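Novice: Provide a 3D model corresponding to the input given below.
(one chain, ligands or ions: 2)
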Amino acid sequence: MHGLVVALVACLAVGSAWAGTVSISPNPFEREGRIVGGEDTTIRAHPYQVSLQTSRSSHFCGGSLINRNTVVTAAHCLQGRKASKVYVRLGSTLYNEGGLVVAVRELAYNEKYNASTMEFDVGILKLAEDVEETEDIRYIELAKETPATGTPAIVTGWGSKCYFWCMTLPKVLQAVVVNIVDWRVCASDAYKYGDIIYDTMVCGYEQKKDACQGDSGGPLVAENKLVGIVSWGYACASNLLPGVYADVAALREWINETAEKL
Ligand SMILES: *[C@@H]1O[C@H](CO)[C@@H](O)[C@H](O)[C@H]1NC(C)=O
Ligand SMILES: *[C@@H]1O[C@H](CO)[C@@H](O)[C@H](O)[C@H]1NC(C)=O
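Specialist: Residues are numbered from 1 along each chain as shown. Ligands and ions are numbered 1, 2, ... in the order given. As a prediction, the model looks like this:
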(Lines give C-alpha, C1' and ligand atoms only; values in the text may rest on other atoms or scores of the structure.)
(Ligands and ions follow the chains in the order given, each with its own letter.)
Protein backbone atom coordinates (compact mmCIF):
# COMPACT_ATOMS: atom_id res chain seq x y z
CA MET A 1 0.00 0.00 0.00
CA HIS A 2 2.72 2.40 1.03
CA GLY A 3 4.64 1.52 -2.13
CA LEU A 4 1.64 2.35 -4.28
CA VAL A 5 1.20 5.74 -2.63
CA VAL A 6 4.89 6.42 -3.19
CA ALA A 7 4.58 5.49 -6.85
CA LEU A 8 1.57 7.72 -7.32
CA VAL A 9 3.30 10.67 -5.69
CA ALA A 10 6.36 10.08 -7.86
CA CYS A 11 4.32 9.88 -11.01
CA LEU A 12 2.33 12.99 -10.11
CA ALA A 13 5.64 14.80 -9.69
CA VAL A 14 6.54 13.60 -13.16
CA GLY A 15 3.21 14.80 -14.49
CA SER A 16 3.80 18.30 -13.22
CA ALA A 17 7.31 18.23 -14.67
CA TRP A 18 5.90 17.35 -18.06
CA ALA A 19 3.62 20.34 -17.72
CA GLY A 20 6.77 22.44 -17.54
CA THR A 21 7.19 23.10 -13.83
CA VAL A 22 10.09 21.12 -12.44
CA SER A 23 10.56 21.54 -8.74
CA ILE A 24 13.02 19.39 -6.84
CA SER A 25 11.34 17.84 -3.86
CA PRO A 26 13.35 17.39 -0.66
CA ASN A 27 11.31 14.23 -0.06
CA PRO A 28 13.40 11.33 -1.36
CA PHE A 29 10.29 9.18 -1.76
CA GLU A 30 9.24 11.51 -4.53
CA ARG A 31 12.49 10.83 -6.29
CA GLU A 32 12.22 7.12 -6.87
CA GLY A 33 14.88 5.55 -9.06
CA ARG A 34 13.54 4.90 -12.51
CA ILE A 35 14.48 3.95 -16.03
CA VAL A 36 13.28 5.80 -19.11
CA GLY A 37 12.76 4.47 -22.60
CA GLY A 38 13.56 0.87 -21.82
CA GLU A 39 13.56 -1.98 -24.29
CA ASP A 40 13.03 -5.68 -23.66
CA THR A 41 16.24 -7.53 -22.99
CA THR A 42 17.30 -10.93 -21.64
CA ILE A 43 18.98 -12.05 -18.45
CA ARG A 44 21.70 -13.66 -20.57
CA ALA A 45 22.68 -10.19 -21.78
CA HIS A 46 22.74 -8.95 -18.13
CA PRO A 47 23.35 -12.09 -16.07
CA TYR A 48 24.40 -10.14 -12.93
CA GLN A 49 20.87 -8.67 -12.59
CA VAL A 50 18.74 -10.06 -9.77
CA SER A 51 15.25 -9.32 -8.45
CA LEU A 52 14.68 -8.77 -4.71
CA GLN A 53 11.35 -10.22 -3.65
CA THR A 54 9.22 -10.55 -0.56
CA SER A 55 8.12 -13.86 0.82
CA ARG A 56 4.95 -13.31 -1.18
CA SER A 57 7.05 -13.39 -4.37
CA SER A 58 6.52 -9.81 -5.31
CA HIS A 59 9.41 -7.90 -6.81
CA PHE A 60 10.39 -4.75 -4.91
CA CYS A 61 13.91 -3.83 -6.04
CA GLY A 62 16.76 -4.82 -8.29
CA GLY A 63 20.28 -5.85 -7.35
CA SER A 64 23.58 -7.13 -8.76
CA LEU A 65 25.37 -10.37 -7.97
CA ILE A 66 29.06 -9.64 -7.23
CA ASN A 67 30.25 -13.06 -6.05
CA ARG A 68 28.84 -16.47 -5.17
CA ASN A 69 26.89 -15.19 -2.17
CA THR A 70 26.73 -11.39 -2.27
CA VAL A 71 24.20 -9.06 -3.90
CA VAL A 72 24.69 -5.28 -4.04
CA THR A 73 21.59 -3.07 -3.94
CA ALA A 74 20.44 0.34 -2.65
CA ALA A 75 20.21 1.11 1.08
CA HIS A 76 16.70 2.46 0.60
CA CYS A 77 15.62 -0.96 -0.69
CA LEU A 78 16.67 -2.59 2.58
CA GLN A 79 15.66 -0.09 5.23
CA GLY A 80 13.08 -1.66 7.55
CA ARG A 81 13.43 -5.13 6.00
CA LYS A 82 14.43 -8.40 7.65
CA ALA A 83 16.77 -10.84 5.93
CA SER A 84 14.33 -13.67 6.66
CA LYS A 85 11.66 -11.90 4.59
CA VAL A 86 13.74 -11.23 1.50
CA TYR A 87 14.38 -13.61 -1.42
CA VAL A 88 16.55 -13.16 -4.50
CA ARG A 89 15.58 -14.43 -7.95
CA LEU A 90 18.58 -14.97 -10.22
CA GLY A 91 18.99 -16.10 -13.80
CA SER A 92 15.54 -15.18 -15.11
CA THR A 93 14.47 -12.66 -17.75
CA LEU A 94 11.04 -12.61 -16.07
CA TYR A 95 10.85 -11.31 -12.52
CA ASN A 96 7.97 -13.56 -11.55
CA GLU A 97 9.06 -16.99 -12.78
CA GLY A 98 12.04 -19.09 -13.77
CA GLY A 99 15.66 -19.00 -12.70
CA LEU A 100 16.63 -19.68 -9.14
CA VAL A 101 15.11 -18.27 -5.94
CA VAL A 102 17.50 -18.10 -2.98
CA ALA A 103 16.88 -17.03 0.62
CA VAL A 104 18.89 -14.27 2.30
CA ARG A 105 21.08 -15.02 5.34
CA GLU A 106 21.93 -11.48 6.30
CA LEU A 107 21.56 -7.93 5.04
CA ALA A 108 23.18 -4.60 5.82
CA TYR A 109 23.17 -1.08 4.48
CA ASN A 110 25.68 1.70 4.82
CA GLU A 111 25.56 3.23 8.31
CA LYS A 112 26.08 6.65 6.71
CA TYR A 113 23.01 6.27 4.46
CA ASN A 114 20.97 9.46 4.78
CA ALA A 115 17.33 9.08 3.74
CA SER A 116 16.95 12.85 3.33
CA THR A 117 19.90 13.44 1.03
CA MET A 118 20.17 9.86 -0.36
CA GLU A 119 23.94 9.88 0.28
CA PHE A 120 25.59 6.45 0.74
CA ASP A 121 22.59 4.65 -0.81
CA VAL A 122 24.23 1.22 -0.83
CA GLY A 123 23.47 -2.08 0.86
CA ILE A 124 24.30 -5.75 0.49
CA LEU A 125 22.58 -9.09 0.93
CA LYS A 126 24.39 -12.30 1.81
CA LEU A 127 22.68 -15.29 0.23
CA ALA A 128 21.80 -18.32 2.33
CA GLU A 129 23.52 -20.58 -0.22
CA ASP A 130 26.31 -20.20 -2.75
CA VAL A 131 25.29 -19.63 -6.36
CA GLU A 132 27.46 -20.94 -9.18
CA GLU A 133 27.90 -19.06 -12.44
CA THR A 134 25.91 -20.27 -15.47
CA GLU A 135 25.07 -18.69 -18.82
CA ASP A 136 22.28 -16.79 -17.06
CA ILE A 137 23.97 -16.06 -13.71
CA ARG A 138 27.28 -14.19 -13.52
CA TYR A 139 29.19 -12.19 -10.93
CA ILE A 140 30.01 -8.63 -11.91
CA GLU A 141 33.16 -6.80 -10.93
CA LEU A 142 32.92 -3.51 -9.03
CA ALA A 143 34.30 -0.46 -10.84
CA LYS A 144 37.46 0.94 -9.26
CA GLU A 145 36.99 4.33 -10.89
CA THR A 146 33.94 6.26 -11.96
CA PRO A 147 33.92 6.39 -15.78
CA ALA A 148 34.39 9.82 -17.37
CA THR A 149 31.40 11.98 -18.23
CA GLY A 150 29.99 10.86 -21.57
CA THR A 151 30.87 7.18 -21.18
CA PRO A 152 27.94 5.03 -22.31
CA ALA A 153 26.45 2.77 -19.65
CA ILE A 154 23.48 0.46 -19.48
CA VAL A 155 20.84 0.33 -16.77
CA THR A 156 18.45 -2.58 -16.36
CA GLY A 157 15.38 -3.40 -14.30
CA TRP A 158 11.79 -4.56 -14.23
CA GLY A 159 10.25 -1.18 -13.60
CA SER A 160 8.20 -2.19 -10.60
CA LYS A 161 7.85 1.36 -9.29
CA CYS A 162 5.76 2.63 -12.13
CA TYR A 163 2.19 1.71 -11.30
CA PHE A 164 0.65 4.82 -12.69
CA TRP A 165 2.18 5.64 -16.06
CA CYS A 166 2.85 2.07 -17.11
CA MET A 167 -0.54 0.45 -17.07
CA THR A 168 1.05 -2.99 -16.90
CA LEU A 169 4.36 -3.76 -15.24
CA PRO A 170 6.97 -5.20 -17.55
CA LYS A 171 7.60 -8.82 -16.62
CA VAL A 172 10.47 -8.87 -19.09
CA LEU A 173 13.75 -7.25 -18.07
CA GLN A 174 14.16 -3.75 -19.51
CA ALA A 175 17.41 -2.05 -20.53
CA VAL A 176 18.29 1.50 -21.46
CA VAL A 177 21.53 3.17 -22.49
CA VAL A 178 22.56 6.34 -20.66
CA ASN A 179 25.67 8.50 -20.64
CA ILE A 180 27.64 8.85 -17.41
CA VAL A 181 27.65 12.33 -15.87
CA ASP A 182 30.23 12.90 -13.14
CA TRP A 183 28.71 14.14 -9.85
CA ARG A 184 30.45 17.53 -10.17
CA VAL A 185 29.08 18.06 -13.66
CA CYS A 186 25.67 16.77 -12.52
CA ALA A 187 25.65 19.31 -9.66
CA SER A 188 26.73 22.14 -11.99
CA ASP A 189 24.59 24.65 -13.84
CA ALA A 190 24.51 22.30 -16.81
CA TYR A 191 21.70 20.45 -15.02
CA LYS A 192 18.99 21.46 -12.61
CA TYR A 193 19.78 19.51 -9.45
CA GLY A 194 22.44 21.82 -7.98
CA ASP A 195 23.81 21.02 -4.55
CA ILE A 196 21.54 18.04 -3.86
CA ILE A 197 24.06 15.94 -5.82
CA TYR A 198 26.83 14.57 -3.55
CA ASP A 199 30.15 12.83 -4.07
CA THR A 200 28.68 9.37 -3.33
CA MET A 201 26.49 9.77 -6.43
CA VAL A 202 26.95 9.51 -10.19
CA CYS A 203 24.39 10.59 -12.76
CA GLY A 204 23.20 8.94 -15.97
CA TYR A 205 21.81 11.09 -18.74
CA GLU A 206 19.17 9.37 -20.83
CA GLN A 207 19.66 9.68 -24.54
CA LYS A 208 15.96 9.29 -25.18
CA LYS A 209 12.86 9.46 -23.06
CA ASP A 210 9.79 7.39 -23.35
CA ALA A 211 7.68 5.42 -20.92
CA CYS A 212 8.37 5.80 -17.25
CA GLN A 213 9.91 2.72 -15.72
CA GLY A 214 12.09 2.19 -12.71
CA ASP A 215 14.01 -0.18 -10.61
CA SER A 216 15.79 0.97 -7.47
CA GLY A 217 18.82 -1.00 -6.38
CA GLY A 218 19.52 -2.28 -9.88
CA PRO A 219 22.75 -2.12 -11.88
CA LEU A 220 24.32 0.62 -13.98
CA VAL A 221 27.10 -1.03 -15.93
CA ALA A 222 29.89 0.35 -18.12
CA GLU A 223 32.85 -1.51 -19.57
CA ASN A 224 31.57 -4.74 -17.97
CA LYS A 225 31.85 -3.31 -14.45
CA LEU A 226 29.22 -2.22 -11.95
CA VAL A 227 29.55 1.57 -11.79
CA GLY A 228 26.24 2.58 -10.21
CA ILE A 229 23.21 1.48 -8.20
CA VAL A 230 19.82 2.90 -9.25
CA SER A 231 19.03 5.38 -6.48
CA TRP A 232 16.69 8.23 -7.39
CA GLY A 233 15.87 10.88 -9.97
CA TYR A 234 13.26 12.59 -12.01
CA ALA A 235 14.34 10.72 -15.06
CA CYS A 236 10.88 10.90 -16.59
CA ALA A 237 10.78 14.63 -16.15
CA SER A 238 13.38 16.35 -18.23
CA ASN A 239 16.64 15.98 -20.08
CA LEU A 240 18.08 18.40 -17.54
CA LEU A 241 17.36 15.95 -14.71
CA PRO A 242 19.46 12.82 -15.22
CA GLY A 243 18.90 9.63 -13.25
CA VAL A 244 20.97 9.51 -10.05
CA TYR A 245 22.90 6.42 -8.97
CA ALA A 246 24.99 5.51 -5.94
CA ASP A 247 28.62 5.66 -7.12
CA VAL A 248 30.10 2.18 -6.78
CA ALA A 249 33.73 3.36 -7.03
CA ALA A 250 33.15 5.75 -4.13
CA LEU A 251 31.39 3.06 -2.08
CA ARG A 252 33.56 0.12 -3.08
CA GLU A 253 35.52 -0.08 0.15
CA TRP A 254 32.33 -0.31 2.23
CA ILE A 255 30.94 -2.99 -0.10
CA ASN A 256 34.12 -5.04 0.09
CA GLU A 257 34.53 -4.76 3.88
CA THR A 258 30.89 -5.48 4.61
CA ALA A 259 30.80 -8.42 2.18
CA GLU A 260 33.84 -9.87 3.95
CA LYS A 261 32.50 -9.53 7.47
CA LEU A 262 28.84 -10.58 7.12
C1 LIG B 1 21.22 14.01 6.54
O2 LIG B 1 21.78 15.12 5.87
C3 LIG B 1 21.22 16.35 6.27
C4 LIG B 1 21.78 17.43 5.33
O5 LIG B 1 23.19 17.40 5.31
C6 LIG B 1 21.56 16.59 7.72
O7 LIG B 1 21.00 17.81 8.16
C8 LIG B 1 20.99 15.44 8.54
O9 LIG B 1 21.39 15.57 9.89
C10 LIG B 1 21.50 14.12 8.01
N11 LIG B 1 20.81 13.04 8.71
C12 LIG B 1 21.46 12.01 9.21
C13 LIG B 1 20.63 10.97 9.86
O14 LIG B 1 22.68 11.92 9.15
C1 LIG C 1 37.72 -7.57 -1.20
O2 LIG C 1 38.93 -7.11 -1.77
C3 LIG C 1 39.96 -8.08 -1.72
C4 LIG C 1 41.23 -7.43 -2.21
O5 LIG C 1 41.04 -6.82 -3.46
C6 LIG C 1 39.57 -9.29 -2.56
O7 LIG C 1 40.56 -10.27 -2.53
C8 LIG C 1 38.26 -9.86 -2.00
O9 LIG C 1 37.82 -10.92 -2.82
C10 LIG C 1 37.21 -8.78 -1.93
N11 LIG C 1 36.04 -9.32 -1.26
C12 LIG C 1 34.84 -9.33 -1.78
C13 LIG C 1 33.78 -9.93 -0.95
O14 LIG C 1 34.59 -8.89 -2.88
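
Novice: report the closest residue of the stretch 1-150 of the chain relative to ligand 1.
Specialist: Asn114 (3.7 Å; Cβ to the nearest ligand atom). Glycine gets a C-beta too; all of them are placed from N, C-alpha and C.

Novice: and that residue, what pLDDT?
Specialist: For Asn114, the pLDDT comes out at 96.

Novice: get me the contact residues on the protein for ligand 2.
Specialist: When proximity is defined by Cβ under 6 Å from any ligand atom, the chain lies next to ligand 2 at 67, 70, 256, 259-260.

Novice: rerun at 5 Å
Specialist: 256, 259 (Cβ under 5 Å from any ligand atom).

Novice: least trustworthy helix or strand in the chain by mean pLDDT?
Specialist: helix 2-18 (a mean of 32; mean pLDDT, DSSP states H and E).

Novice: quick revisit: quick one: neighbours of the residue of the stretch 1-150 of the chain closest to ligand 1, just the number.
Specialist: 14 (other Cβ atoms under 10 Å).

Novice: just the one 10 residues further on next, same as before
Specialist: Using other Cβ under 10 Å, the number of residues around Ile124 comes to 24.

Novice: that one and Val71 touch, don't they?
Specialist: Yes - counting by Cβ atoms under 8 Å, Ile124 touches Val71, with 6.5 Å between them.

Novice: where are the low-confidence patches of this protein?
Specialist: The model of the chain has pLDDT under 70 over residues 1-37, 160-169, 207-214, 234-239.

Novice: just the helices in it please.
Specialist: 2-18, 75-78, 183-186, 248-261 (DSSP state H).

Novice: so who does Tyr139 touch?
Specialist: Going by Cβ atoms under 8 Å, 6 or more residues apart in numbering, Tyr139 touches 48, 65-68, 133.
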